[in-house]
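Enquirer: take this sequence and fold it.
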Amino acid sequence: MKNADLVMNTAKLIIAAGYKMKEQARQEMAEEDLGGGMFDEAVKRNKDLLTEMILEEIRTTNVLRSAQAKYRFFDEFLFHIVRNKMKIGASQTSFTVKTPLVALTANEAGRIARSFPAILMANATGEAAVDELIVTYPALRELDREYAWFRSMLVAIATEHMSKVAYGVKARA
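Expert: From the prediction side, this is the model:
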């Protein structure tokens with residue numbers, strides 16, 4: 001599969017997931033601490049939909065399928081990168097994951113991916129955000145060296161997030 005096809009399929013995942021939330025809803029969720037209330041069902045449905053879409057994309061895309069077969073955490077990483085959930089009031093980068101790629105667990109991969117929204121907010125471009133993410137985590141540096149498509153996929157996701165998510169647009173303005 002060509003890099004452009006992979007990038008377009010990944011971008012479709014982001015668009016179809018529908019994780020765009022109005023700023024008022026974000027503020028209400030922050031007041032409720034972890035979400036809760038009227039958002040619970042919608043968030044659960046969206047998580048299930050996103051999980052299904054990512055797994056389907058992995059099954060139907062050779063390069064993603066090979067990455068998942070080699071690194072069992074890959075779907076977890078991709079889920080949190082695409083989901084791009086910023087936990088308001090919580091530090092997303094208060095941990096360090098220095099584990100090498102071969103020993104990385106799904107939990108650690110999820111933690112790395114959950115640091116992505118804060119990195120996106122701190123950078124002006126998707127490419128700069130992806131560079132920072134990859135430089136920060138040794139396991140991602142190894143993935144970047146191993147898979148030629150990895151960085152371009154993350155840049156496409158980052159660019160999409162930066163253009164669509166309200167808090168990112170406001171923070172950069």
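Enquirer: if you count neighbours, what's buried in stretch 129-140?
Expert: Residues of stretch 129-140 classed as buried by neighbour count (16 or more other Cβ atoms under 10 Å): 129, 130, 131, 132, 133, 134, 136, 137, 139, 140. No exception for glycine: its C-beta is placed from N, CA and C like everyone else's.
Enquirer: what does the helix or strand hosting the third one rub up against?
Expert: Think residue 131. Assigned by DSSP states H and E, residue 131 belongs to helix 126-136. Counting by Cβ atoms under 8 Å, 6 or more residues apart in numbering, helix 126-136 makes contact with 112, 115-116, 119-120, 122-123, 140-141, 144, 151, 154-162, all of which sit outside it.
Enquirer: need the phi and psi values for residue 124.
Expert: phi -80, psi -30 (degrees, to the nearest 10).
Enquirer: run a quick neighbour tally on it.
Expert: Neighbouring residues of residue 124 were enumerated by other Cβ atoms under 10 Å; the total is 9.
Enquirer: what about stretch 77-88, average pLDDT?
Expert: Here the mean pLDDT over stretch 77-88 is 81, rounded to a whole number.
Enquirer: got it, and stretch 128-142?
Expert: Across stretch 128-142, the per-residue pLDDT values average to 94.
Enquirer: please pull out the lowest mean pLDDT helix or strand from the chain.
Expert: helix 23-31 (a mean of 45; mean pLDDT, DSSP states H and E).
Enquirer: right, and the helix or strand after it?
Expert: Heading C-terminal from helix 23-31 (DSSP H and E), you reach helix 40-60.
Enquirer: that older thread, in strands only, show me the contacts of helix 126-136.
Expert: Secondary structure assignment by DSSP state E places none of these in strands.
Enquirer: among those, which are in helices?
Expert: Among these, the subset assigned to helices under DSSP state H consists of 112, 116, 119-120, 122, 140-141, 144, 151, 154-162.
Enquirer: I am finished for the moment; much appreciated.
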